[in-house]
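J.: Quick one, what's the 3D model for this:
(one chain, ligands or ions: 3)
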Amino acid sequence: MKIRVLGAGAGGGFPQWNCNCDNCGRYRRGEFNGKARTQSSIAVSSDGRNWLLFNTSPDIRAQLEAFPAIQPKTGIRDTGIKAVLLIDSQIDHTTGMLMLREGKPLEVYCTEMVKQDLSSGFPLFTMLKDYCTVNHHPIACDETPFEIPGIDDIRIYAHALKSKAPPYSPHRHDPHDGDNIGVIVEQISTGKKLYYSPGLGEIEPHVFKAMQTVDCLMVDGTFWTDDEMVTRGISHKRAREIGHLPQSGPGGMIEVLNGVPKARKILIHINNTNPILDEDSPERKTLDANGIEVAYDGLEIDL
Ligand code: MLT
Ligand code: MN
Ligand code: ZN
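T.: Ligands and ions are numbered 1, 2, ... in the order given. Sure thing, here's the model as predicted:
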């Protein structure tokens, strides 16, 4: 199974257009040892030709241009994108659907809750009707395995995560199973598995159990500390409050990942304020010492 990180940044990307935090400021001044990152999405394939996108970021155009394997190969209009799976309805994970409006019928896999958000608060499904057909394929979040036509040899298991619907959602304050999911992606012929969950607020027992069964983890790397945006004077919101488990401290992601001996561990969806973006930072060295990698745009994994 081939995994391509299209974008490894959180909402806003790195640097963020209006942000002058220590990371963004130093990056623009050329004083930063670390990479820019577009917004969060990955692509998975078993044959290197037919790809399943997990999330469609607002940066999708640049992400596809940087990735020859997914570009047109035959005919006047063509793409390696066979389907899209949305793990939630957040703006940074779904807006790219608008950029795919020139395409043939879009095959979109998402939960009923995500479909509702994208037909109401952010009506992408409704809007796209006048540009291209969008075929919605509902997915259950009880780990019932399913396959996607055109994506051979890949099986997916989805489960619900404790998180919130986006700020725009009509049910922002009324959580439902399926607002946000984690997925296990398995190559049927090899049995190799990836767990992908860029927004993980709480490690519930079923999440920890899934983590133990896979070969590679790509999980929430948004914030280093719970109060990262508060101490920088950016926002009053704390990491956990908005559905992101910070890496450091008791019960943090480093501690969780240390309890998963088998898998390759990769953080993804890194916010621009996170010190781990700086490859010379002590926080990044702590990750290195714990065998935890930080995803970057263009990272490819062969599982
Ligand atoms: C989040 O995951 O919390 C987002 O990155 C927020 C956003 O897209 O604005
Ligand atoms: Mn996000
Ligand atoms: Zn910043």
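J.: tell me the SS of residue 121?
T.: coil (DSSP: H, G, I helix; E, B strand; the rest coil).
J.: ok, now which ones touch it?
T.: Residues near residue 121 by C-beta atoms under 8 Å, 6 or more residues apart in numbering: 89, 166, 168, 169, 170. (C-beta placed from N, C-alpha, C; glycine too.)
J.: mind listing what the last one touches?
T.: So that's residue 170. 116, 117, 120, 121.
J.: How about the last one: what's its closest non-neighbour residue?
T.: Read that as residue 121. Distances taken as C-beta to C-beta, 6 or more residues apart in numbering place residue 168 nearest to residue 121, at 4.2 Å, with adjacent residues excluded.
J.: What's the local residue count around the one you found?
T.: By other C-beta atoms under 10 Å, the residues close to residue 168 number 13.
J.: hang on, it packs against residue 124?
T.: No: between residue 168 and residue 124 there is no contact under C-beta atoms under 8 Å: 11.6 Å.
J.: where along the stretch 1-150 of the chain do the helices fall?
T.: 22-28, 60-65, 91-94, 96-99, 112-117, 124-128 (DSSP state H, counting those that start in this stretch).
J.: Extract the CA atoms of the fourth one and return them as PDB.
T.: Yep, that's helix 96-99 we're talking about. What follows is helix 96-99, C-alpha atoms only, in PDB (Å, rounded to 0.1, in the frame of the first residue of the first chain):
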ATOM      1  CA  GLY A  96     -11.100  21.000  -1.800                       C
ATOM      2  CA  MET A  97     -14.300  19.400  -3.100                       C
ATOM      3  CA  LEU A  98     -15.100  22.800  -4.600                       C
ATOM      4  CA  MET A  99     -11.800  22.700  -6.500                       C
END
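J.: Pull out the buried residues from it.
T.: Neighbour counts over helix 96-99 (16 or more other C-beta atoms under 10 Å) mark 96, 97, 99 as buried.
J.: How about the contacts made by the closest residue in space to the first one that isn't next to it in sequence?
T.: Nearest-residue entry for residue 96: residue 56, 2.9 Å, with adjacent residues in sequence omitted and distances by C-beta to C-beta, 6+ apart. Contacts for residue 56 (C-beta under 8 Å, 6+ apart) come out as 41, 84, 86, 93, 94, 95, 96, 97, 99, 100.
J.: neighbour-wise, which of those leads?
T.: Counting neighbours by other C-beta under 10 Å, residue 41 comes out on top of these with 29 neighbours.
J.: Distance of that one relative to residue 94?
T.: 10 Å (C-beta to C-beta, to the nearest Å).
J.: Now do the shared contacts for those two.
T.: 55, 56.
J.: right, and out of the contacts of residue 56, which lies closest to ligand 1?
T.: Using C-beta to the nearest ligand atom, residue 93 is the member of the contacts of residue 56 that lies nearest ligand 1, at 7.7 Å.
J.: Could you pull up the contacting residues of that closest one?
T.: So residue 93 contacts 40, 41, 55, 56, 57, 86, 87, 198 (C-beta under 8 Å, 6+ apart).
J.: ok, of those, which one's closest to ligand 2?
T.: Minimum distance to ligand 2 across the contacts of residue 93 is 5.9 Å, recorded for residue 40 (C-beta to the ion).
J.: For the closest one, which non-adjacent residue is spatially closest?
T.: residue 269 (4.4 Å).
J.: now residue 86
T.: In space, residue 86 comes closest to residue 110 once its chain neighbours are excluded; the distance is 4.0 Å by C-beta to C-beta, 6+ apart.
J.: correct me, but the one you found touches residue 140?
T.: No: counting by C-beta under 8 Å, residue 110 sits too far from residue 140 to count as a contact (11.3 Å).
J.: With that, I have no additional questions.
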